[in-house]
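J.: The sequence and its predicted three-dimensional model are supplied below.
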Amino acid sequence: MNADVLIIGAGPAGLAAAIELRRLGTGRVLVVDREQQAGGIPRHSVHTGYGMRDLHRVLTGPAYARRYATAAARAGAEIRLGTMVTGWAGDRIATLTSAQGIETVSARAVLLATGCRERPRPARLVPGDRPAGVMTTGELQQRVYLHGERMPGRALVVGAEHVSFSAMVTLAHAGADVVALVTDLPRQQSYAAFALGALARWRVPVWTSTALRRVDGRDRLTAVDVADVRTGAVRRVECETLVFTGDWIPDHELARTAGIAIDPGTRGPAVDTSLETAARNVFAAGNLVHAAEIADVAALDGIHAARYLAAALRCREPAAAPDAPEQACGPPAHRVPVTVEPPLAWISPNAIRFIAPAGTGASSAAPASRPGAGSAFPPGATPVLPPRGRFLLRSHVFQYRATLEVRQGDRVLARQRVRLIPGRPVHLDATWLAQVRLSDGPVLATMAPTESR
Amino acid sequence: MTAGRHGEASEAADVVVIGAGVVGTAIARELARYQLTVVLADAANDVGTGTTKANTAILHTGFDAVPGSLESQLLRRGSALLTDYARRAGIPVERTGALLVAWTAEQESALPSIMERAGKNGYDAVRQVPVAELYERERHLGPGALAALEIPDESVICPWTTPLAYATEAVRAGVRLMLGTRVTGADPGPDGHVLSTTRGTLRARWVVNAAGLYSDRVDAMLGGDGGFTISPRRGELIVFDKLARPLIGSILLPVPTAQSKGVLVAPTVYGNVLLGPTAQDIDDRADTSTTADGLTSLTEAGRRIMPRLLDEEVTATYAGLRAATEHRDYQIRVDATRRYACAAGIRSTGLSASLGIAEYLAEAMDAAGLPLRPRNGSVDPPVMPYIGQAGTRPYQDAGMIAADPEYGRIVCHCERVTRGEIRDALASTVPPADLDGLRRRTRAQNGRCQGFYCAATVSELMAKARGGDRARAGSGQQAAAGQPA
């Protein structure tokens, strides 16, 4: 089987990319997903707030998922569900397994959009028993919203990010008595309104500086031990359900096993600002490259990647010999890496892509950014803006009044005031892109020493 | 022959085997080859739920056993028998070999005696490995290794499929498997033993005690000669993500010293990497919880042995209890007068030695007056569903999917378990009683996401098959990981 573009993952990023690729006239766009329904995580996120940035309306998760699935099918993308990529060597040939059997698909380009998941209890090395009743938010939502399960009894939520409050609401909806949200951090990481709302409406407090120490229950969960991380005081909390929330890790198995370079910060495939990975014509978008952002951001990534995918396809001609590999018609990509230093955790994308100017072949059709005159690049090369014109970062620490400093070598390219909260997105506007020089080595974003203000 | 549904005692069985771990199932399978009526009873709701399911999952050669011991003899015999049986029954085994690595001068000085001991145990294939070769083979080994021995026949095996295969073969040969049946008392009757159980009375001419962690209590109940006390030794282990598997080639064994038995790093047949075990003597025979200290000591040891391993995600942590006694050897004995046989104190080598123990015990019972007359016609080992990583699984088998599309419907993405396999497990000769049981039969939910994607669906399939509600099937079961859990 052949396809122009194989998209792996029918979540917001994959579906939005498929729609955009078809809009741009790409021939056969094949989207595969191992689930039985398209839409990704929003399928079971039954709360509102989806679609503001990409669809300019407010929808619930399931409605948002349905809308993308319908739009992708209408756009002429071929969506194969219940289909898992079970073999891929990082090239453009993949093995698919489904009820139809085992097939090989040969694609001119690939988009990885496999998303992310929450770090489960064992990966957090929480000691104790292994009873039933311990799960992640993803599992909780599927049980409650896709399978209609009830969750009676007392419940405790581990984490105090946005998703933790979402888990609390799901638990309350399923009949649970939520005891608290616990976080070992000194503050909650979501909006103040969420925390206040939780307390006011459901009487659920956030226990900060509180670490989970032990899980008890030989069969069903009966209790957990939590400790005050400042005093070490341990107390026992009886509960029947324990939900581990957030602490996202990208589903990078395909990229890893295929040997595609992984960014040590995001743990997803390293991508440049066009969202191409280190493997030519293999792109990655969505929460695989920044775990986790809201669905809208993933969808906008997908659209961004689709434009460069389409451009990449246009400059590739079939090779003369039928069995010879296709040749790239442009020069290899020029990239400048972008990295961060602690206490910043990661930045995405991980490199700035430069493209040749119009008329030189290669990426002429790409929707190049034009970051202004006086470009400091080799003649004509232009840096590609990241999706939404900004880089995404994460911090390990709280710092409400921080300044990010962007440097290349000794030159300070930009400073930007930001608010750092672990797990929450930090946006770094890419206004400084024009000052980046291809020859000056990596660009580094750091937290500037705190100013007196 | 056994307690009926209403708890009524009926005709006496020739043999009741108490304990359906890897040793008890092996004994039942062995006895089933003869003209005997056999009952296999266990307090748990599945076979292999004690020491059997949570260990290092290694098929030992017995190279380091105490020479001349019964353990040495039965390990050698048992591992040879199991290697052959596994091939026929489709039990996943990988002959990865082992490297015994010395990190200190003291450990290095112990290597010659280990080689010598292997020879006394009848195993001559151990050889010294130069350090350069060691690092060539194990490129991710931490710095500082001084010397190593290679034990080429050490293998990794599936500790879940093994007792299931024995039990399946036994049941198909007519053994009555009574799970959820705890033996609470025993009386010597005129025609044999009268056992009180939580499911009624059982009568038996002979009783075999294979009760593992509870074997001393069963021994006392049956008026055995005592002489041993079980002291549970807890071992905690960490299972790393499959992405760690390429880091390691062979089982990396520690050199035991006077201070510590040491921690090993080993591949698993499911394609993960195992780090452990700790060794802690505890009192509670059911406390399989992990501890903060245990997990910390393991990660510290792991960082020394293979630093890169710690960069990978942890898929599972678990603890198992070994049935240690005050003796260094197995406690296997047959009492002809009382018509009582005991296979206890098997510690950590029961999986490897199981078929040897069963053969030895059956012969001893024969000598003690239990007539072993072979049945007519031979029973082949059952062909078990293959859940290893090295061979071909259903999702990879175009022929299977073409014949039955359910083998192409992958439910558990991480472990690539199909609806067809889950359906088969639920309809098997020894079906699972809960999600843990399903996991041990299929690997469903044992992967890196621990149910993030599939737990809700798997629970529903289980509940539908059992005709009950999902809650009873074990909502949100904490997954046991790619491993002996």
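T.: It's in.
J.: C-alpha from now on. contacts and neighbour counts both.
T.: Fine.
J.: For A:Gln416, give its distance to chain B.
T.: Plainly put, A:Gln416 is 32 Å away from chain B if you go by Cα to the nearest Cα, to the nearest Å.
J.: which parts of the stretch 51-200 of chain A sit against chain B?
T.: With Cα under 8 Å from any Cα of the partner chain as the criterion, the stretch 51-200 of chain A comes near chain B at residues A:82-84, A:97-102, A:117-120, A:122-140, A:142-143, A:147, A:149.
J.: List only buried entries from these.
T.: Those of those that meet the buried threshold are A:82-84, A:97-102, A:117-120, A:122-123, A:125-140, A:142-143, A:149, by 16 or more other Cα atoms under 10 Å in any protein chain shown.
J.: out of those residues, which are inside strands?
T.: Among those, the members found in strands (DSSP state E) are A:84, A:97-98, A:101-102, A:117-118, A:134-136.
J.: Pull the number of nearby residues for B:Thr288.
T.: Residues lying near B:Thr288 (other Cα atoms under 10 Å in any protein chain shown) number 22.
J.: Contacts only, for A:Arg388.
T.: A:Leu300 (Cα atoms under 8 Å, 6 or more residues apart in numbering or on different chains).
J.: now it: how far from A:Leu300?
T.: 7 Å (Cα to Cα, to the nearest Å).
J.: Stretch A:269-276 and chain B, any residue contact?
T.: No: figure legend: stretch A:269-276 not in contact with chain B (Cα under 8 Å from any Cα); closest approach 14.5 Å.
J.: which other residues reach that stretch?
T.: Around stretch A:269-276, the neighbours that count as contacts under Cα under 8 Å, 6+ apart are A:252, A:255-256, A:260-263, A:277-278, A:282-285, A:288-289, A:304-305, A:308, A:335, A:348-353, A:384-387.
J.: Can you dump the C-alpha atoms of that stretch in CSV for me?
T.: C-alpha atoms of stretch A:269-276 as CSV (Å, rounded to 0.1, in the frame of the first residue of the first chain):
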residue,chain,number,x,y,z
PRO,A,269,11.8,13.2,19.1
ALA,A,270,13.9,16.3,18.6
VAL,A,271,12.2,18.6,16.0
ASP,A,272,13.2,21.8,14.3
THR,A,273,10.8,24.7,14.0
SER,A,274,9.2,23.1,10.9
LEU,A,275,8.5,20.1,13.2
GLU,A,276,10.7,17.8,11.1
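J.: Mind checking the pLDDT average for that stretch?
T.: The pLDDT scores in stretch A:269-276 average 97.
J.: gap between the residue sitting furthest away from the middle of chain B and chain A?
T.: Most distant residue from the mean C-alpha position of chain B: B:Pro190, 36.7 Å away (Cα atoms, centre = their mean). The gap separating B:Pro190 from chain A is 40 Å, by Cα to the nearest Cα.
J.: Ramachandran coordinates for that residue?
T.: phi -60, psi -40 (degrees, to the nearest 10).
J.: circling back to that earlier point, now, which of the ones in strands among the buried ones among the residues of the stretch 51-200 of chain A next to chain B sits nearest chain B?
T.: A:Ser98 (4.5 Å; Cα to the nearest Cα).
J.: Touching, that closest one and A:Gly82? I think so.
T.: Yes: between A:Ser98 and A:Gly82 there is a contact under Cα atoms under 8 Å: 6.0 Å.
J.: Return every residue with contacts to both of the two.
T.: B:409-410.
J.: Break chain B into its domains for me.
T.: Domains of chain B are assigned by automatic domain parsing as B:1-94+B:155-230+B:327-388, B:98-152+B:232-324, B:394-474.
J.: State the number of residues packed around residue 93.
T.: Picked chain A for this. Counted with other Cα under 10 Å, residues neighbouring A:Ile93 total 20.
J.: hm, I was asking about chain B
T.: Neighbours of B:Val93 (other Cα under 10 Å): 25.
J.: List the residues that contact it.
T.: The contact partners of B:Val93, taken as Cα under 8 Å, 6+ apart, are B:83, B:86-87, B:155-158, B:269, B:388.
J.: These in strands, which ones?
T.: Using DSSP E, the contacts of B:Val93 in strands are B:155-157.
J.: Ignoring the adjacent residues along the chain, who's closest to B:Val175?
T.: B:Val38 (5.1 Å; Cα to Cα, 6 or more residues apart in numbering or on different chains).
J.: where does the stretch 301-450 of chain A come near chain B, residue by residue?
T.: Counting by Cα under 8 Å from any Cα, no residue of the stretch 301-450 of chain A is near chain B.
J.: where exactly do the strands run in the stretch 301-450 of chain A?
T.: A:316-317, A:327-328, A:334-340, A:344-348, A:351-355, A:382-383, A:390-395, A:399-408, A:411-420, A:426-429, A:443-447 (DSSP state E, counting those that start in this stretch).
J.: Equivalent analysis for the stretch 201-350 of chain B, please.
T.: Under DSSP E, counting those that start in this stretch, the stretch 201-350 of chain B gives strands at B:231-240, B:251-254, B:264-267, B:273-276, B:280-281, B:314-324, B:331-335, B:340-344.
J.: Where does the stretch 301-450 of chain A get nearest to chain B, residue-wise?
T.: A:Ala345 (15.5 Å).
J.: so how far is A:His47 from the single nearest residue of the stretch 1-150 of chain A relative to chain B?
T.: Nearest residue of the stretch 1-150 of chain A to chain B: A:Ala132, at 3.7 Å (Cα to the nearest Cα). Here the criterion is Cα to Cα. By it, A:Ala132 lies 26 Å from A:His47.
J.: surely B:Thr25 meets B:Thr162?
T.: No: judged on Cα under 8 Å, B:Thr25 makes no contact with B:Thr162 at a distance of 9.2 Å.
J.: okay, now B:Asn376: neighbour count?
T.: By other Cα under 10 Å, neighbour count at B:Asn376 equals 9.
J.: residue contacts, B:Gln396?
T.: The contact partners of B:Gln396, taken as Cα under 8 Å, 6+ apart, are A:97, A:102.
J.: residues touching B:Leu82, list them.
T.: B:352, B:354-355.
J.: right, and A:Pro442 touches A:Gln408 too?
T.: Yes: counting by Cα under 8 Å, A:Gln408 is a contact partner of A:Pro442 at 6.2 Å.
J.: ok, and the closest non-adjacent residue to the residue nearest the centre of chain A?
T.: Taking Cα atoms, centre = their mean, the centroid of chain A lies closest to A:Asn287, which sits 1.3 Å from it. Nearest residue to A:Asn287 in three dimensions, chain neighbours excluded: A:Gly115, at 4.6 Å (Cα to Cα, 6+ apart).
J.: correct me, but the one you found touches A:Ile294?
T.: No: with contact defined as Cα under 8 Å, A:Gly115 and A:Ile294 do not form a contacting pair (11.2 Å).
J.: hang on, A:Val297 in a strand?
T.: No: A:Val297 is assigned helix when assessed by DSSP: H, G, I helix; E, B strand; the rest coil, not a strand.
J.: Find me the pLDDT at it, would you?
T.: Predicted confidence (pLDDT) for A:Val297: 97.
J.: Show me where the stretch 351-485 of chain B dips below the pLDDT cut-off.
T.: B:468-485 (pLDDT under 70).
J.: what ranges do the strands span in it?
T.: B:410-412, B:417-418.
J.: Between these, which one is closest to B:Val379.
T.: strand B:417-418 (29.3 Å; Cα to Cα).
J.: Relative to the closest one, what are the paired strands and their orientations?
T.: strand B:410-412 (antiparallel) (DSSP bridges).
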